[in-house]
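Enquirer: Dropping a prediction and its sequence here:
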Amino acid sequence: MTKYYHITTYGCQMNVHESEKIAGILSELGYTACDDIEQSDIAVFNTCCIRENAENHAFGNIGMLKKLKAKKRDMIIAVGGCLTQQMGKADDLHTKFPYVDIIFGTHNLGDLKNLILKKRGQKRAVIEIAESEGEICEGENPLRTSFPNAWINITYGCNNFCSYCIVPYVRGRERSRRSENIIKEAEELIEQGYKEITLLGQNVNSYANGTDDLSFPELLKKIAAIDGKFRLRFMTSHPKDFSEELAKVIAENRKICRLVHLPVQSGSDSVLRAMNRKYTSADYLKKLEILKKYVPDCAVTTDLIVGFPNESEEDFAATLNLVKKAEFASAFTFVYSKREGTVAARMEGQIPEDISKSRIMRLVEAVNAQTREQTARYVGKTVEVLCEDYDAKREKYLGRDEYGRMAYFASEKNVIGEFVNVKISGANGVSLKGEIVKG
Ligand code: 5AD
Ligand code: SF4
């Protein structure tokens, strides 16, 4: 009888790729994917704790499984990811949801197969939260779900300790994979027909720092030199480590997309200082200037936080001002979320919710207006789009250009995984629409 698995993923791209690794492990154990959690024999929650709402969301969903588990006693429920790794949270989870069978930490993913086998042989819950990172796992066999895009981890963890951020506490210190393993993985993926490779790390710019391995720009160069037509992306870059050498490498290698995600977080120098970001808004703009000197058409996207402790109206105005100056192609905007254990959580001057709400609304409006203006400039142009999917509701294929803009278009044949030229006829907020034209 077929046994089914269902994975619920919260949070970032990094977690999406981690869920692909979990899927690989589950399929090795003989499970098949299913869309309906009620059908599953094992349900895994890959959680995120970067902001409180991601955490609440996971808690809510796990809570909803109580009834199902009472009906399906043999079903296994496993909870992993950042949430479980927070101090005391595994015990909280176990107390609140005693029907959860397996709780595993961010450093225990490589051991998930054994944890499942252990649980099958015992009644009580299996709880494994390793405190330290251990060796980097190689030879993982992710079951990729995003063809023609593929993600490759290049670093794990983070050493930056931005004062608001929980990541260094739950993902551990920064570790880099050996470049030969990364290059081999990229070669295999391109050989298999993947058309877009995204290198992942909390701060890819500090890849292999302090080791004898390649620097990040050197690594990019090597991957871009692999034969075949494909795109190369990377995320995330910390502005303090963004170098002129990297800008040059982007300029010199056409396979590297002209899109850099460079989170600035705030436009106010005093907030940036309190955030421990190690740059000023002028330093940030200087980095953009260097990037644009080598790659004038490079799109830049960013992350922004409002409502950081002690953020004044003037500080917020500086963020709005920076958004204008930096001409971001788009931005992820967040309300500051207090994370227990971080330095910012202990700061006085936490901002009341109504003020944060008003600021986020104004910020979203400013960012959206800019994005709309930029997408409108596309109309009439022809862009090369890598087709990623089919949207059955709209009856259109969709994909992105190298600058990351999403475009919808009709096609009689299935073009998923192909590069197509699309003449843009209209822009709708963040996305574009158009028709395929011969290249
Ligand atoms: N509150 C709000 N946003 C946060 N981020 C990280 N930690 C927090 C927090 N405590 C945002 C940052 C980061 C992105 C991945 O999440 O903007 O770049
Ligand atoms: Fe968090 Fe800062 Fe590390 Fe990014 S660089 S993961 S924001 S601590």
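Expert: Thanks, I have the structure now. Numbers count the residues shown, from 1 in each chain. Ligands and ions are numbered 1, 2, ... in the order given.
Enquirer: Tell me the pLDDT of the closest residue to residue 337 other than its chain neighbours.
Expert: In this structure, residue 337 finds its nearest non-sequential neighbour in residue 51, 3.9 Å apart by Cβ to Cβ, 6 or more residues apart in numbering. All C-beta atoms are positioned from the backbone trio N, CA, C, and that covers glycine. With respect to pLDDT, residue 51 has a value of 95.
Enquirer: Equivalent analysis for the one 5 residues further on, please.
Expert: At residue 56, the pLDDT value in this model is 93.
Enquirer: what's around it, how many residues?
Expert: 10 (other Cβ atoms under 10 Å).
Enquirer: Does the one helix or strand it maps to reach ligand 1?
Expert: Assigned by DSSP states H and E, residue 56 falls within helix 52-63. No. Using Cβ under 6 Å from any ligand atom, we find that helix 52-63 stays clear of ligand 1, coming within 8.2 Å at best.
Enquirer: list the buried ones in that helix?
Expert: 54-55, 57-59, 61-62 (16 or more other Cβ atoms under 10 Å).
Enquirer: helices or strands next to it in the packing?
Expert: Helices and strands touching helix 52-63, as assessed by 3 or more Cβ pairs under 8 Å, 6 or more residues apart in numbering; DSSP states H and E, comprise strand 42-47, strand 76-81, helix 89-96.
Enquirer: can you redo these as a markdown table with mean pLDDT and mean neighbour count?
Expert: Shown next, in a markdown table, are the helices and strands packed on helix 52-63 (pLDDT from 0 to 100; neighbours: other Cβ atoms under 10 Å):
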| stretch | mean pLDDT | mean neighbour count |
| --- | --- | --- |
| strand 42-47 | 97 | 26 |
| strand 76-81 | 97 | 25 |
| helix 89-96 | 95 | 16 |
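Enquirer: Any chance of TSV for the ones you listed, columns distance to ligand 2?
Expert: Below are these laid out as TSV (distance: least, Cβ to the nearest ligand atom, whole Å):
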stretch	distance to ligand 2
strand 42-47	16
strand 76-81	15
helix 89-96	18
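Enquirer: would a markdown table of the ones you listed with distance to residue 129 be doable?
Expert: As requested, these are arranged in a markdown table below (distance: least, Cβ to Cβ, whole Å):
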| stretch | distance to residue 129 |
| --- | --- |
| strand 42-47 | 13 |
| strand 76-81 | 10 |
| helix 89-96 | 5 |
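Enquirer: tell me the contacts of residue 342?
Expert: Counting by Cβ atoms under 8 Å, 6 or more residues apart in numbering, residue 342 makes contact with 163-166, 169.
Enquirer: err, residue 111, not the other one
Expert: Listed by Cβ under 8 Å, 6+ apart, the contact set of residue 111 reads 104, 128.
Enquirer: change it to 10 Å
Expert: Contacts were defined as Cβ atoms under 10 Å, 6 or more residues apart in numbering; by that measure residue 111 touches 25, 104-105, 118, 128, 130, 134, 137.
Enquirer: Can you flag the buried ones in the residues you listed?
Expert: For the contacts of residue 111, buried by 16+ other Cβ under 10 Å: 25, 104-105, 128, 130.
Enquirer: Strands - which of those land there?
Expert: Of the positions in those, 104, 128 sit in strands, assigned by DSSP state E.
Enquirer: Name the nearest of the buried ones among the contacts of residue 111 relative to ligand 2.
Expert: Closest approach to ligand 2 among these (Cβ to the nearest ligand atom): residue 105, at 17.3 Å.
Enquirer: just checking, that closest one touches residue 129?
Expert: Yes. Contact criterion Cβ atoms under 10 Å: residue 105 and residue 129 qualify, at 3.7 Å.
Enquirer: Common neighbours of the two, please.
Expert: With Cβ under 10 Å, 6+ apart, residue 105 and residue 129 have common neighbours 80, 84-86, 89-90.
Enquirer: so how far is the helix holding residue 56 from its chain's centroid?
Expert: In terms of Cα atoms, centre = their mean, to the nearest Å, the centre of helix 52-63 is set 19 Å apart from its chain centre.
Enquirer: ditto for stretch 229-239
Expert: How far stretch 229-239 lies from its chain's middle: 12 Å, per Cα atoms, centre = their mean.
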